[in-house]
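Chemist: Got a predicted model here, sequence first, then my questions.
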Amino acid sequence: MMGILRTLRVRFRALVSSERGFALPTALFATIASLGLASAAVMASVDVQQGTKRDSGSKSAIAAADAGASIALLRLNRYATAFTASTPCLAAPSGTLVLSAASTGGWCPGISGTVGSAAYSYWVGPAALDSTRTVVATGTAGNVTRRIAISFKTTTVGGIFDGAGVIGQDKITLTNNSDIRVGVGTNGDVSLSNSANICGNIRRGVGKKVTFENSSGQCSGYGQSEGNQTLPEVSTFMPTDIATNNYDFRLAWCTKTSPVPVPTGCEEDSYTDKRSTTVPWDPTTRTILTNQNETLTLGGGDYWICRLVLGNNSHLIMKSGAKVRLFFDTPENCGVKAGGTQVEISNHADITATGYQPTLGNYEVPGLYLLGSTTTPTVANWSNNTETSELIFYAPHTDISIDNNATYVGILAGKTVTIGNHAVVKQDAGFKGPPLGGATIYQRQSYVECTGPTASPPNAYC
């Protein structure tokens, strides 16, 4: 027994004094600590990814809701003249827009759609006593939904010209000594470079900017503001029967002149050169086209055309006492491809009015109004001109480009406007934009995000 105890004692002393196995607990603790740190990093990465996904979904959802509200605004303005007391709404029961009665509380039926990978729905509220209407729109991206409420207030079409003579809905670019002597307005950026100048107030889009480069600037005494406005569609003030009731017949070539002109009313608009089946009017393509150094004088009212081409010192004149408006059909109906030109004024051609006499208080000028298209982009070009034109040019879906020395008296409004190379845009004292038939349109007034769940009425918790 004593021998066994001595043996155990010797081994215990040897074990105590030995360092074998000492590194094992240290290694185990280090491994556990490394695993803990790695797990924390993985969890943090997962949280960040989930947060990024939520942020992306949230941004996409709010963008989809805003897109839905914008579509509601576009439709309110486009169908304003079609609404009645019994059918003040639009609905899309089978995917096609139709006039509809209002639901309980005066709210219109909800309409849904998609934009990119997100979805939207919107509801239009009843008209208030102060002529405002509320649109509530939701946007959904993934599992994130956002909801907004926007109020729209009515104004008149002509009112958009009160503060600006140059309007580029998406952007305005001024370069190379261009001289703008009217107010300008856009929902996008205003860019000036190479000694371009604006003597007028500037309205830029919400969150957008005005930039001045290379000695460009704004005249003293004028200010800048921020705000968005919607250019109303030409269809909101264009005569509904323009396709069948117009003055195109005045342009036509007479196939017979005696005993009476055939067709009726042909060649009533004078032209200084010999006419043909295509000059100055091609009824097949509905194009006004002039020869070199010639003058076409219009004395009718509303014309319905596809293209206008003036060049080489030719002149288009509105006869004194006439109120000429040229309405341009859509590029799709005119066979104009994407990027095509519906208006081309070049090489010293101009558009004027013999009755335009500011000193006598007469400011009547011809108007060019392009329906354009949201899917087929088109352009209008003025180039190589040194003449003065007097006109209203209104094209909400067309990119306008003006170049080289010409002077423009009146109003220019397009999708984008680019003016350069010493071109001048101005208005004489007393000039006012046309009422364009006085059609009523809606403009954004206020914007809020709704915090609570979707409920009834649609603007609950907003």
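Modeler: Thanks, I have the structure now.

Chemist: hey, let's count contacts and neighbours off CA atoms from now on
Modeler: Will do.

Chemist: tell me, how many neighbours does Asn245 end up with?
Modeler: Asn245 is flanked by 12 other residues according to other C-alpha atoms under 10 Å.

Chemist: can you check Ala128 too?
Modeler: Neighbour tally, Ala128, other C-alpha under 10 Å: 10.

Chemist: do the same with the one 3 residues further on
Modeler: Applying the criterion other C-alpha under 10 Å, we find 12 residues in the vicinity of Ser131.

Chemist: And it, how far from Lys153?
Modeler: From Ser131 across to Lys153, the span is 6 Å (C-alpha to C-alpha, to the nearest Å).

Chemist: can you tell me the distance between the two ends of stretch 209-216?
Modeler: Terminal-residue distance, stretch 209-216 (C-alpha to C-alpha): 15 Å.

Chemist: Rounded mean pLDDT for it, please.
Modeler: For stretch 209-216, the mean pLDDT works out to 96.

Chemist: Helix, strand, or coil at the residue nearest the centre of the chain?
Modeler: Closest residue to the average C-alpha location of the chain: Gln169 at 4.8 Å, with C-alpha atoms, centre = their mean. Classification of Gln169 using DSSP: H, G, I helix; E, B strand; the rest coil returns strand.

Chemist: Do you know the pLDDT at it?
Modeler: 94.

Chemist: May I ask you to confirm that it is in contact with Leu231?
Modeler: Yes: with contacts counted by C-alpha atoms under 8 Å, Gln169 reaches Leu231, the gap being 6.9 Å.

Chemist: anything in contact with each of those two?
Modeler: Pro396 (C-alpha atoms under 8 Å, 6 or more residues apart in numbering).

Chemist: how many neighbours does the closest residue to Ala101 other than its chain neighbours have?
Modeler: Of all residues not flanking Ala101 in the chain, Thr87 sits nearest, at 4.4 Å (C-alpha to C-alpha, 6 or more residues apart in numbering). Using other C-alpha under 10 Å, Thr87 is surrounded by 14 other residues.

Chemist: Now do the same contact list for Ile180.
Modeler: 197-200, 424-426.

Chemist: Please repeat the previous calculation with a cut-off of 7 Å.
Modeler: 197-199, 424-426 (C-alpha atoms under 7 Å, 6 or more residues apart in numbering).

Chemist: before we move on, what about Thr354?
Modeler: If you count contacts by C-alpha under 7 Å, 6+ apart, then Thr354 has 317-320 around it.

Chemist: Could you pull up phi and psi at Arg286?
Modeler: phi 50, psi 50 (degrees, to the nearest 10).

Chemist: Would you check that Val365 makes contact with Phe393?
Modeler: No: here Val365 does not reach Phe393: they are 10.3 Å apart, not a contact under C-alpha atoms under 7 Å.

Chemist: between the two, who's got more neighbours?
Modeler: Legend: neighbour count by other C-alpha under 10 Å for Val365 and Phe393, higher for Val365 (27 against 20).

Chemist: On the pLDDT front, check the more buried one for me.
Modeler: 94.

Chemist: ok, it - contacts?
Modeler: 353, 356, 390-392.

Chemist: if we go to 6 Å?
Modeler: When contacts are counted by C-alpha atoms under 6 Å, 6 or more residues apart in numbering, Val365 is found next to 353, 391.
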